[in-house]
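>>> starting from these lines, generate the structure:
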Amino acid sequence: MHVGNKGATLNRDSLSLPAKAWEQGAYRWFSSPIQVTGLPLLGLEDRETGIILSTTLANPEKRVAAHRAWAAARHSRSSKMAWEILSEMGERGVDPDQKIEATFRGYGHASVGDMARLTIDFAHVPMHLCMALFHEGVINSGQEKSTRYQAAFRHALLQPIHQYVPETFPREELQQVEKEYQELGYMAQAFFVKHQAALHTALAAYFAVDETDAQQRQALQSRVLDCTRSFLLLGQGSGMSFESSARDWSRLIALLKASPRRLYRRIGLQIETLLAPPKDIEAHFYKAEAPSLLRHTQPLDLINQNLRALKQYIETQTDLFKEVSVITEDPMLKAQYVRLLHPDATEGERLLAQYLLLLWPSLEQEQLLQWIHMQPLEKKHALSSLLFSRHSHYQELPSFARTTRLTLALRCCLGRCGILIGTVPGGVFSLCLSFLGQ
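The predicted structure is shown next:
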């Protein structure tokens, strides 16, 4: 391990950030004082992947989120007013870590974990991770760098392909595969830049834009980027800020650590390490907000196990592929549509359809819902038992199990999907990449 000087400078995205730094294996920790960043900031860089995570703290000397969460939890056992509870905590010098441990053991309450809100900023992560986090998060509580407003995506790079291929992949082939893979990224960057000028001219003429008007000029630039971002690849680098409760972060970490993608597993461990750092890191930097509220973060492979069991059952015990068409045509421009699913399909039938579409995205959706609806009751019971097997309040159902009787089916581009996820309340199921599945 190596501790840097307080005057060290980290150069990240053209920002010179005075910081303390500490190297610990593949990790590089850094911090910034309140005088520089407005709030104390603690960051963690994985030097193997280049991914940087950071979080801001309310007070460098107190576990503020944990303190608030435990004070809130006291309301279930105390008749006192909030300020009396907080005053009592101050007088007794309450250790929130110790009290929260007792709360989990004595009360059996995991809900206290939802009362501690934590934010992480991600840098140099692939776009598909941002999308997966939005899909799997409990609420819409994040913001990704927008390809619609930032021309800087012309510099976005692909994550090295060795982060995705199996560790058994032949090393002698990896170098050539990496070269060809990165060429796809350079091609995407070139197209993103090349077509901006032509689109700018064409759209300015079509919409009769007055480019002396700043508002019209900005709207034109956004429309141009709205078109050219279609050249970007989901593996290219992006960034985001994501906020959730300590309990939901625990669930997300467990899902990431169970992912078949090595990069996701590594990011899951990096998130956990940032939110619950080793004691020697806290001694040299700041106290984390609520490390004791990160619970049940061991890899949650249950959903993948259930998906595998469901796949085997469908393939061996049903006539799904005889009755439901599989779309096999070559990729091409598709007509966009929005339709309301027929009310005959119950919530449970829609849930099963979402599981099956995650396994086989090319199934024709209306035929699939009709096939599920017509299955005999004993078959539905068997399928349901596979979906819900061993789930509990500690091992929750995934986000793609969310469904209602009022469901819209859309076909649209990924850009529109992203806007929808960020603006529409409720669950969103997408046929895009997930933490899960092989």
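>>> domain ranges for the chain?
Segmentation of the chain into domains, based on automatic domain parsing, reads 1-147+232-299, 151-231, 302-423.
>>> now do the longest one, average pLDDT.
The reference is to domain 1-147+232-299. Here domain 1-147+232-299 scores 81 as its mean pLDDT.
>>> figure out how far that domain is from the centre of its chain.
14 Å (CA atoms, centre = their mean, to the nearest Å).
>>> which parts of stretch 74-81 are buried?
Applying a neighbour-count criterion of 16 or more other CB atoms under 10 Å, the buried positions in stretch 74-81 are residue 74. For every residue, glycine as well, the C-beta is placed using N, CA and C.
>>> what's the most buried one of the domains of the chain?
Ranked by mean neighbour count, the domains of the chain are led by domain 1-147+232-299 with a mean of 18 (mean count of other CB atoms under 10 Å).
>>> tell me the secondary structure of residue 120, please.
strand (DSSP: H, G, I helix; E, B strand; the rest coil).
>>> also residue 242?
strand.
>>> quick check: chain neighbours aside, which residue is closest to it?
residue 142 (3.7 Å; CB to CB, 6 or more residues apart in numbering).
>>> how distant is stretch 339-355 from the center of its chain?
25 Å.
>>> with stretch 338-350 instead?
For stretch 338-350 - counting by CA atoms, centre = their mean - the centre lies 27 Å from the chain centre.
>>> contacting residues for the residue nearest to residue 242?
Neighbour list for residue 142: 130, 133-134, 240-243 [criterion: CB atoms under 8 Å, 6 or more residues apart in numbering].
>>> just residue 367 next, same as before
Per CB under 8 Å, 6+ apart, neighbours of residue 367: 323-325.
>>> can you put those residues in TSV and add distance to residue 80, secondary structure and pLDDT?
TSV is the format used below for these (distance: CB to CB, whole Å; DSSP: H, G, I helix; E, B strand; the rest coil; pLDDT from 0 to 100):
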residue	distance to residue 80	secondary structure	pLDDT
323	63	helix	95
324	60	coil	94
325	64	coil	90
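>>> let me have those in JSON lines, extended by distance to residue 34.
As requested, those are arranged in JSON lines below (distance: CB to CB, whole Å):
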{"residue": "323", "distance to residue 34": "63"}
{"residue": "324", "distance to residue 34": "59"}
{"residue": "325", "distance to residue 34": "60"}
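>>> list just the nearest of those residues to residue 395.
residue 324 (30.1 Å; CB to CB).
>>> is it true that that closest one touches residue 371?
Yes. Counting by CB atoms under 8 Å, residue 371 is a contact partner of residue 324 at 5.2 Å.
>>> am I right that residue 379 is in contact with residue 318?
Yes. Judged on CB under 8 Å, residue 379 makes contact with residue 318 at a distance of 7.4 Å.
>>> re earlier: any idea which of the contacts of residue 367 is closest to residue 39?
residue 324 (52.9 Å).
>>> what ranges does the stretch 251-400 of the chain have for its strands?
337-340 (DSSP state E, counting those that start in this stretch).
>>> returning to what we had before: farthest pair in the contacts of residue 142?
It's 130 and 243 that sit farthest apart of the contacts of residue 142, by CB to CB, at 13.7 Å.
>>> tell me the centre residue of the chain?
residue 133 (1.3 Å; CA atoms, centre = their mean).
>>> the residue nearest to it when sequence neighbours are not counted bridge partners, please.
Spatially, and ignoring its direct neighbours in sequence, residue 133 is nearest to residue 242 (5.7 Å; CB to CB, 6+ apart). Beta-bridge partners for residue 242, by DSSP bridges, are residue 120, residue 142.
>>> sheet-wise, list the partners of the helix or strand hosting residue 21 with their directions.
In this structure, residue 21 sits in strand 20-24 according to DSSP states H and E. Here strand 20-24 is paired, per DSSP bridges, with strand 2-3 (antiparallel), strand 27-32 (antiparallel).
>>> the nearest residue to residue 313 once chain neighbours are set aside and residue 72, how far apart?
The shortest distance from residue 313 to any non-neighbouring residue, by CB to CB, 6+ apart, is to residue 386 (6.0 Å). From residue 386 over to residue 72 the distance is 38 Å, taken as CB to CB, to the nearest Å.
>>> and residue 178, how far is that from residue 142?
30 Å.
>>> residue 139: what secondary structure?
Assignment for residue 139 (three-state DSSP): coil.
>>> who's in contact with it?
Counted by CB under 8 Å, 6+ apart, residue 139 has contacts residue 244.
>>> who touches stretch 309-322?
So stretch 309-322 is contacted by 355-356, 359, 371, 379, 382-383, 386-387, 389 (CB under 8 Å, 6+ apart).
>>> farthest pair within those?
Checking the contacts of stretch 309-322 with CB to CB, the most distant pair is 371 and 389, at 21.9 Å.
>>> so where do the helices sit in the stretch 151-300 of the chain?
171-206, 214-228, 246-257, 262-275, 279-284 (DSSP state H, counting those that start in this stretch).
>>> of the contacts of residue 367, just say which sits nearest to residue 212.
Nearest member of the contacts of residue 367 to residue 212, counting by CB to CB, is residue 325, at 54.2 Å.
>>> surely the closest one and residue 368 touch.
No. Using CB under 8 Å, residue 325 is not in contact with residue 368; the gap is 9.1 Å.
>>> ok, and the closest non-adjacent residue to residue 288?
Per CB to CB, 6+ apart, closest to residue 288 is residue 277, 5.6 Å.
>>> same deal with residue 50?
That would be residue 124: by CB to CB, 6+ apart, it lies 5.0 Å from residue 50.
>>> go on, residue 44?
Closest to residue 44 by CB to CB, 6+ apart is residue 274, at 4.6 Å.
>>> now do the one you found against residue 239, distance only.
Distance from residue 274 to residue 239, by CB to CB: 15 Å.
>>> picking up where we left off before, quick check: the residue nearest to residue 133 vs residue 275, distance?
12 Å.
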